[in-house]
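Trainee: coords please:
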Amino acid sequence: MKRLRIAALALILAAPACWSEVRFAGLDLSRSGRLLFLAETDAPGFGAYQTLFSADLPTGRLRQLTFFPERAAYLAELGVLEIQNRYGLFRSGADLKGLEPVAGAPCFVAGASVDNGKLDLQASSPDGRYAVILRPTSAAFGQLILLDLQAGGSMRPVAEQVELSLSELPAVWSPDSQLLLYGKGGQLYYFSIRQLAENRVLAEPLRQIGAGTVRNLRWATASALYYVDGSLVYRLDARELFTRSLYAGYLPIGTLAGKLPFEFDPNFDEFWIAPDGAHVLLAKSGRHLFLYPLQAEDYGPGGETRSLPYLHLPRSAALKRVLWTRSGMITLLTEGLLKGSRRTEVYRLSAAGSATLPAFRRAEAQGVLDLTLSPDGATVAVLRSDGVELYAAETWTRKASHAHPQPLHVLWTADGALLLAGARYTELWHPSVGESRLVALSQPGRSSFSADEQSVLSSLATGVYRQPLDGGHWSPSPGAALREALTASEDYRVYLEEVPNRVQRNRIMIRDMRRFTTRELLPAAAPEYEPFPEREEAPDYGLFAHGSRIRRREVALVFNVVDSIEGLPAVLKALGEYRIQATFFVNGEAIRRYPDAMRELAESGHEVGSLFYTYFNMTDSRFAVDGEFVKRGLARTEDEYFNATGRELALLWHAPYYLADSRIIEAAREMNYSYISRDLDSLDWVTADLGKAAPDIYFASARLVERIVERKKPGSIVPILAGRPAGLRQDYLFQKLDILINALLRRGYAVVTVSQLMEHAR
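Mentor: Model (predicted):
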């Protein structure tokens, strides 16, 4: 059979299950040599889920029978559902029945690996012909590849050395599928499908649009593209991109459409354009929302000034979804943390002309997971944990509802039906007639072959479903009875064998009585992990700078919270998705300024140590820092943290700027504090101004990730700022935290707290 490779991460002793580790189960063997089995994996943001496969032992052919929707999209031009998970990319037929692997795309049943961590991003063109994939080539960079899905999966490189992203693809399709716009190195470029078809693709420098990332761009129609440069908003005609980019030094990139009240920072800001182009919605730092008229003049038509509709979101909240109807009604979904739990709110505002100033108003809608607007703009689908509700987009009156267990995505079809892709199954619901039908199973229930072994049965809470063994789709099969699982037939015997410290937790073994052989069904590639150092570097527990170098592949990421906390919500979210417990160090000034953030941090369950009472260089000869001062400062920080959170700080600390001498360390030790140093400087504190004076130490965040991954060792302690440094940077390391974690996991490392690192080194 074709050799299959499962690149799942090896088990790290005593480490949390926070990656895509694969374990097989549920073996059932037919008399003709067909085998059913389950593969269970753990996906950040979703938790563990199971996938059902069948294998034909004589031929080695694999089929995937269930499809968990880690990502889902509806391709309107083809009329098909597309689902992506770590086993591949799948599409339904135009009848929206069943799913099959997309020809040419990487797929487990065709020999592709099962990736650990978050999924690498891909996006299909609206017409469904192409997919753009960002394939990692190093820890923080990748190759942007165009996959032609109608030409046998032929691949065309679009760009090299593109910064990796796991939250949003740094590329966006035009609505007519003719242009792919992408960001790289702080610059924007276009790639023309028409030029590709005519074999006249220009060199990349000749396709440059301007500075920024894909967050600087918004499509309004197939030809109208909006581009923000600083505080100016330009409207570009897609047909002019070729000429304007070719003469970028001589022609303006577009027509001035309006001005923003602030400079646009793509690191933290987003914008949306009204369907009629009359207004722009600006989310400044993700929390300050302004509705602004899109006009070139600084004043209104009569020269008057005007107030702006404004919405201020709580510090931990972020904008998740924006719906904008052609009539001007805006519906927003925000998401944030409240006392350790996710909370969402819906706000609405009409941008249409009115005698009174419009205002954002909270809508009556609790527990909303997502929103999506119908193709005609008349109806909003509101996704909740138990199903979907439909509301009139203009009046927010409830129209209909449909129950669905554990939904993950809701998608409108071209004819006004909805696809509900959930953790258990995906179904198509027609609200106009109140009918629904199954599209695919996401996870199997108890499964077996049918009594005649011509089909597969799976029992869910909603009933028993049947799928023909050689193709077809799942359909209800009331009254069908599952049989007891068999592991032996006249020709074969199958069993599971534990394989600790390999790339999978166990393996499926096949005993072939005809050939007198025993083999592994899915031979696993050996893990390609970095070797351990040849000898131990004994840690100093009084000045702890690293853990054991030879016992475990693990590192501690420590997050320093000083006087800026812009990155704290993103850090907590990323750690939560990976189910990682980390160590934070908080400064007294941060506790005094942001007590609510400290409560959020305390409730998250992470380890929290001290970064002293005030932030200054304690070794500076201008200050008389004695042991008593150190003790009072640490004690006061403890008390302020307790007063703010009701929790105690861990007896771990480090001095501001990591600058301390033996006198300072000894004074803290008398209070039973352990001093936590570092063996790797992340350099995320270096600002652009400092970089001008010392260019060898300033790097963009993607380069910082590469540097950390290259220089880390087993037991390393890596400091990361949970906010902005005192100055500007091109971007910020905390924005690349998931990239860093993915890179570490794929190299066999676990992320642990400092206390765990210390304990494992003893």
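Trainee: for the rest of this, base every contact and every neighbour count on C-alpha atoms.
Mentor: OK.
Trainee: helix, strand or coil for residue 432?
Mentor: Three-state assignment for residue 432 (DSSP: H, G, I helix; E, B strand; the rest coil): coil.
Trainee: apologies, that question was intended for residue 706.
Mentor: helix.
Trainee: contact partners for it?
Mentor: 138-140 (Cα atoms under 8 Å, 6 or more residues apart in numbering).
Trainee: of the residues you listed, keep whichever come out buried.
Mentor: Buried members of the contacts of residue 706, counted by 16 or more other Cα atoms under 10 Å: 139-140.
Trainee: make JSON lines out of the contacts of residue 706 and add pLDDT, distance to residue 62 and secondary structure.
Mentor: As requested, these are exported to JSON lines (pLDDT from 0 to 100; distance: Cα to Cα, whole Å; DSSP: H, G, I helix; E, B strand; the rest coil):
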{"residue": "138", "pLDDT": "95", "distance to residue 62": "31", "secondary structure": "coil"}
{"residue": "139", "pLDDT": "95", "distance to residue 62": "31", "secondary structure": "coil"}
{"residue": "140", "pLDDT": "96", "distance to residue 62": "33", "secondary structure": "coil"}
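Trainee: endpoints of stretch 558-565, how far apart?
Mentor: Using Cα to Cα, to the nearest Å, the end-to-end distance of stretch 558-565 comes to 14 Å.
Trainee: can you check stretch 67-86 too?
Mentor: End-to-end distance of stretch 67-86 (Cα to Cα): 10 Å.
Trainee: how many other residues sit next to residue 445?
Mentor: Residue 445 has 18 neighbours, counted by other Cα atoms under 10 Å.
Trainee: quick one, what contacts it?
Mentor: Going by Cα under 8 Å, 6+ apart, residue 445 touches 458-460.
Trainee: among those residues, which one has the most neighbours?
Mentor: residue 458 (25 neighbours).
Trainee: not counting sequence-adjacent ones, nearest residue to it?
Mentor: In space, and not counting its chain neighbours, residue 458 is closest to residue 447: 4.2 Å by Cα to Cα, 6 or more residues apart in numbering.
Trainee: one step back: and of the contacts of residue 445, the nearest to residue 514?
Mentor: Proximity of these to residue 514 (Cα to Cα) peaks at residue 458, which lies at 30.6 Å.
Trainee: contacts for the helix or strand containing the closest one, please.
Mentor: Take DSSP states H and E as the rule and residue 458 turns out to sit in strand 455-460. Residues outside strand 455-460 that contact it (Cα under 8 Å, 6+ apart): 444-450, 464-470, 480, 482.
Trainee: now, which of those sits nearest residue 516?
Mentor: Proximity of the contacts of strand 455-460 to residue 516 (Cα to Cα) peaks at residue 449, which lies at 26.0 Å.
Trainee: for the spatially most central residue of the chain, which three-state class applies?
Mentor: Per Cα atoms, centre = their mean, the C-alpha nearest to the average position across the chain is that of residue 167, at 4.0 Å. Of the three states, residue 167 takes coil according to three-state DSSP.
Trainee: from residue 573, how far off is it?
Mentor: Counting by Cα to Cα - residue 167 and residue 573 are separated by 12 Å.
Trainee: on that earlier part again, where does confidence bottom out across the contacts of strand 455-460?
Mentor: Across these, the bottom pLDDT score, 80, is held by residue 470.
Trainee: so residue 564 makes contact with residue 727?
Mentor: No. At 11.2 Å, residue 564 and residue 727 do not qualify as touching, with contact defined as Cα atoms under 8 Å.
Trainee: ok, those two, which is more surrounded?
Mentor: Remark: of residue 564 and residue 727, residue 564 carries more neighbours, 18 against 11, as counted by other Cα under 10 Å.
Trainee: am I right that that one sits in a strand?
Mentor: No. Applying three-state DSSP, one finds residue 564 to be coil, outside a strand.
Trainee: pull the contacting residues for the nearest residue to residue 590 once chain neighbours are set aside.
Mentor: Of all residues not flanking residue 590 in the chain, residue 563 sits nearest, at 5.1 Å (Cα to Cα, 6+ apart). Residues near residue 563 by Cα under 8 Å, 6+ apart: 587, 589-590, 593, 723.
Trainee: show me which of those are buried.
Mentor: Buried members of the contacts of residue 563, scored by 16+ other Cα under 10 Å, are 587, 589-590, 723.
Trainee: from these, which is closest to residue 58?
Mentor: Out of those, the member with the shortest distance to residue 58 (by Cα to Cα) is residue 723, at 57.7 Å.
Trainee: so that closest one, which of the three states?
Mentor: State at residue 723, reduced to three classes by three-state DSSP: coil.
Trainee: go on, residue 52?
Mentor: Under three-state DSSP, residue 52 comes out as strand.
Trainee: immediately after the helix ranked longest in the chain, which helix or strand?
Mentor: Identified as the longest helix of the chain according to DSSP state H is helix 627-645. The helix or strand immediately downstream of helix 627-645 is strand 652-653, counting by DSSP H and E.
Trainee: packing partners of that following strand?
Mentor: strand 607-610, strand 674-676 (3 or more Cα pairs under 8 Å, 6 or more residues apart in numbering; DSSP states H and E).
Trainee: okay, the ones you listed in JSON lines with mean neighbour count, distance to residue 641 and mean pLDDT next?
Mentor: Output for the helices and strands packed on strand 652-653, formatted as JSON lines (neighbours: other Cα atoms under 10 Å; distance: least, Cα to Cα, whole Å; pLDDT from 0 to 100):
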{"stretch": "strand 607-610", "mean neighbour count": "25", "distance to residue 641": "9", "mean pLDDT": "98"}
{"stretch": "strand 674-676", "mean neighbour count": "23", "distance to residue 641": "18", "mean pLDDT": "97"}
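Trainee: how near is residue 206 to residue 177?
Mentor: Distance from residue 206 to residue 177, by Cα to Cα: 21 Å.
Trainee: oh, I was asking about residue 99
Mentor: 23 Å.
Trainee: hmm, back to that, CSV please, covering the helices and strands packed on strand 652-653 and showing distance to residue 558.
Mentor: As requested, the helices and strands packed on strand 652-653 are exported to CSV (distance: least, Cα to Cα, whole Å):
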stretch, distance to residue 558
strand 607-610, 10
strand 674-676, 10
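Trainee: residue 75 is nearest to which of those strands?
Mentor: Nearest of these (Cα to Cα): strand 607-610, 44.7 Å.
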